[in-house]
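A.B. asks: Below are the sequence and a predicted model for it; my questions follow.
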Amino acid sequence: MLMIKSRAGSRATRGGGRLRAVLGVTTTALLTVTALAALPQTAHAADTLGAAAAEKGRYFGAAVAAHRLSEAQYVSTLNTEFNSVTPENEMKWDALEPSRGSFNFSSADRIVNHAQSRGMDVRGHTLVWHSQLPSWVSGLGAADLRTAMNNHITEVMTHYKGEIHSWDVVNEAFQDGGSGARRSSPFQDKLGNGFIEEAFRTARAADPDAKLCYNDYNTDGVNAKSNAVYTMVKDFKSRGVPIDCVGFQSHFNSASPVPSDYQANLQRFADLGVEVQITELDIEGSGTTQATHYGNVVKACLAVTRCTGITVWGIPDKYSWRASGTPLLFDDNYNKKPAYHAVLSALGGTSGGGPGGPGTPGAACTATYTTAEDWGGGYNGKVTVTAGSSPISNWSVNVTLTAPQKVVSVWNGTPAWDSSGNVMTVKSSWNGTLAAGASTSFGFTVNRNGGSAPPQVGACTAS
Ligand code: XIL
């Protein structure tokens, strides 16, 4: 079943942790209602990622940045498509406890409050990590560091008690490469191997209802690093050290592709009796190749009963930490990419057809803009049109220019202008027929005439 904790008591919980006790025996019924309420409300249940995942008993989440929550398109895409969030940076140590004993929860609270108001789940990321760690922590001696680590875990988890679905208690504690050794960090170097176990025990005491995860990257296939994590989890399970889940970050690109034994690796961890979660998914690339990889990741999770959810590491490509690799499901204009449709389809959802654009389920086609050549006084624009999950026989895209800029020629498309001469509607010419997921492009030349604003490319429509 979808693990969504009731947000109803969040205020009480942040004020004093009484939610669980109050819910008592009625918890199961309340959870069911809450899970249904978490489904995006604007579309048929299986028209969105969150709804389709929920029908499979999984969550589908996104990493979210607090400062984007004032952007309308960002929020509408988040609210429509996702039923779980992970704060991208706001729950890291440098954000929450920038100086010793002084906690600042404001940005993280903003994300948690948004999630709660929409019935979304929250993943907590991350309590103990060598990166985004304030220098005061690295400067401590061993005894002080142990106290500071346990205090940080306890303070943060108590603040969010009852509100976090899963916590990444320890992140990235193993080295890359063939050794399977621990990564050097202030925690490892000063506290030794036992720091991970200690962090998990402290975490369990602080919020017994949160699932406690170990999270890492390059552990997605069977290799020396994932073997080392596997050995640790097995040991924890055999000795009763509290651990509930393992997070597989799943940052993929051509140098680090989706491993062929991805599913088998998830399965062997699941067989140890822990949940597995795909926690930071992004796959660099574009078009059908990227879509195929995304679809395969989703299918691997669905094939593993204990794979309980997937989080993508951002919403539109332009805000990705790897923006140049266009690794996400939405393009810079929030159009759904072929990868989106592949994920929805792998989840068993269906696109509804109709016009594309933010918050519109099932875009028939999407349009992506790039500047092909630029010579100062003018430029050539290129718009790539990609069919959604169904074939199309024609397409239409609006391109808006800011005066005094003017389009002087158009190719591979038939243009028409509005009365202002600034809005150009380009319809397909010979290139209207596209198979599902297939792409074509049109181009146009602009004279800047002294202007500088980039063209605005609207949603793609097909009929
Ligand atoms: C990244 C964020 O996306 C960036 O905004 C930030 O500058 C650096 O951290 N592994 C993790 C995430 O566990 O916390 C990282 O997030 C990406 C790699």
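C.D. replies: Right, received. Where do you want to start? Numbers count the residues shown, from 1 in each chain.
A.B. asks: Export the one helix or strand K382 maps to to CSV, keeping only CA atoms.
C.D. replies: K382 belongs to strand 378-387 when assigned by DSSP states H and E. Extracted in CSV, the C-alpha atoms of strand 378-387 (Å, rounded to 0.1, in the frame of the first residue of the first chain):
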residue,chain,number,x,y,z
GLY,A,378,20.3,37.9,-35.8
TYR,A,379,20.0,34.2,-35.2
ASN,A,380,18.5,31.0,-36.4
GLY,A,381,16.0,29.3,-34.1
LYS,A,382,15.2,25.6,-34.1
VAL,A,383,12.1,24.1,-32.7
THR,A,384,12.0,20.3,-32.2
VAL,A,385,8.6,18.8,-32.2
THR,A,386,8.1,15.4,-30.6
ALA,A,387,5.0,13.3,-30.7
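A.B. asks: Would you mind identifying the next helix or strand past that strand?
C.D. replies: strand 396-400.
A.B. asks: Next, the angle from that next one to strand 378-387.
C.D. replies: 150 degrees (axes from the mean of the first three to the mean of the last three CA atoms, to 10 degrees).
A.B. asks: and strand 396-400, which residues are buried?
C.D. replies: S396, V397, N398, V399 (16 or more other CB atoms under 10 Å). C-betas here are computed from N, CA, C, even on glycine.
A.B. asks: out of these, which touch the ligand?
C.D. replies: With the criterion set as CB under 6 Å from any ligand atom, no member of the buried residues of strand 396-400 is near the ligand.
A.B. asks: quick one: contacts for M120?
C.D. replies: A38, G61, F82, N83, S84, V85, H114 (CB atoms under 8 Å, 6 or more residues apart in numbering).
A.B. asks: Restricted to helices, list those.
C.D. replies: The members of the contacts of M120 that map onto helices under DSSP state H are H114.
A.B. asks: Out of the contacts of M120, who's the most crowded?
C.D. replies: G61 (31 neighbours; other CB atoms under 10 Å).
A.B. asks: Wait, that residue touches S84, no?
C.D. replies: Yes - applying CB atoms under 8 Å, one finds G61 in contact with S84, separated by 3.0 Å.
A.B. asks: Show me what the closest residue to V112 other than its chain neighbours is bridged to.
C.D. replies: Spatial nearest neighbour of V112, excluding adjacent residues (CB to CB, 6 or more residues apart in numbering): V122 at 5.5 Å. Residues in a beta bridge with V122, per DSSP bridges, are V85.
A.B. asks: Next one, pLDDT for V122 please.
C.D. replies: Note on V122: pLDDT of 98.
A.B. asks: what does Q456 give?
C.D. replies: On the pLDDT scale, Q456 is placed at 84.
A.B. asks: who's in contact with it?
C.D. replies: Neighbours of Q456 in contact, by CB under 8 Å, 6+ apart: V399, T400.
A.B. asks: any idea how far the ligand is from it?
C.D. replies: The spacing between Q456 and the ligand, counted by CB to the nearest ligand atom, to the nearest Å, is 27 Å.
A.B. asks: do W430 as well
C.D. replies: Taking CB to the nearest ligand atom, one finds W430 at 42 Å from the ligand.
A.B. asks: do D331 as well
C.D. replies: From D331 to the ligand the distance is 19 Å (CB to the nearest ligand atom).
A.B. asks: Check L78 too.
C.D. replies: L78 is 16 Å from the ligand, by CB to the nearest ligand atom.
A.B. asks: contacting residues for that residue?
C.D. replies: Contacts of L78 by CB under 8 Å, 6+ apart are A62, V64, V85, I315.
A.B. asks: Which residues of the protein lie near the ligand?
C.D. replies: E88, N89, N171, Q249, E280, W321.
A.B. asks: Now render the residues you listed as CSV, adding neighbour count and secondary structure.
C.D. replies: As requested, the residues of the chain next to the ligand are arranged in CSV below (neighbours: other CB atoms under 10 Å; DSSP: H, G, I helix; E, B strand; the rest coil):
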residue, neighbour count, secondary structure
E88, 21, coil
N89, 17, coil
N171, 22, strand
Q249, 21, coil
E280, 24, strand
W321, 14, coil
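A.B. asks: Excluding chain neighbours, what is closest to D317?
C.D. replies: T326 (4.4 Å).
A.B. asks: what's the distance between the one you found and S260?
C.D. replies: 24 Å (CB to CB, to the nearest Å).
A.B. asks: L302 too?
C.D. replies: 17 Å.
A.B. asks: These two: who's more crowded?
C.D. replies: When L302 and S260 are compared for neighbours, L302 comes out ahead with 18 against 10, by other CB under 10 Å.
A.B. asks: residue contacts, the more buried one?
C.D. replies: K56, R58, A346, L347.
A.B. asks: Restricted to strands, list the contacts of L78.
C.D. replies: Assignment to strands by DSSP state E places the following of those there: A62, V64, V85.
A.B. asks: so the residue nearest to V112 makes contact with G162?
C.D. replies: No - counting by CB under 8 Å, V122 does not reach G162; the two are 10.9 Å apart.
A.B. asks: which residues does D216 bridge with?
C.D. replies: F248.
A.B. asks: quick one on the thing from earlier: pLDDT for the contacts of M120 - can I get that in CSV?
C.D. replies: As requested, the contacts of M120 are arranged in CSV below (pLDDT from 0 to 100):
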residue, pLDDT
A38, 44
G61, 98
F82, 97
N83, 96
S84, 98
V85, 98
H114, 97
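A.B. asks: how about the contacts of M120 in a markdown table, adding distance to D418?
C.D. replies: Output for the contacts of M120, formatted as a markdown table (distance: CB to CB, whole Å):
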| residue | distance to D418 |
| --- | --- |
| A38 | 42 |
| G61 | 40 |
| F82 | 35 |
| N83 | 39 |
| S84 | 42 |
| V85 | 39 |
| H114 | 37 |
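A.B. asks: before we move on, the earlier item: need the residues of the chain next to the ligand in JSON lines with pLDDT and distance to N296, can you?
C.D. replies: Listed next are the residues of the chain next to the ligand as JSON lines, based on pLDDT from 0 to 100; distance: CB to CB, whole Å:
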{"residue": "E88", "pLDDT": "98", "distance to N296": "25"}
{"residue": "N89", "pLDDT": "98", "distance to N296": "29"}
{"residue": "N171", "pLDDT": "98", "distance to N296": "25"}
{"residue": "Q249", "pLDDT": "98", "distance to N296": "17"}
{"residue": "E280", "pLDDT": "98", "distance to N296": "17"}
{"residue": "W321", "pLDDT": "98", "distance to N296": "22"}
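A.B. asks: Which single one of those residues is nearest to the ligand?
C.D. replies: W321 (3.5 Å; CB to the nearest ligand atom).
A.B. asks: Run through the residues that contact that closest one.
C.D. replies: E88, W313, G314.
A.B. asks: Report whether the expected contact of the first one with A62 is present.
C.D. replies: Spelled out, it's E88. No - at 9.0 Å, E88 does not count as touching A62 under the criterion of CB under 8 Å.
A.B. asks: Quick check: neighbours shared by those two?
C.D. replies: In contact with both E88 and A62: W313, G314, using CB under 8 Å, 6+ apart.
A.B. asks: now the helices for the stretch 101-250 of the chain?
C.D. replies: 106-117, 135-138, 142-159, 186-191, 195-206, 224-239 (DSSP state H, counting those that start in this stretch).
A.B. asks: which of those helices sits most buried?
C.D. replies: helix 195-206 (a mean of 21; mean count of other CB atoms under 10 Å).
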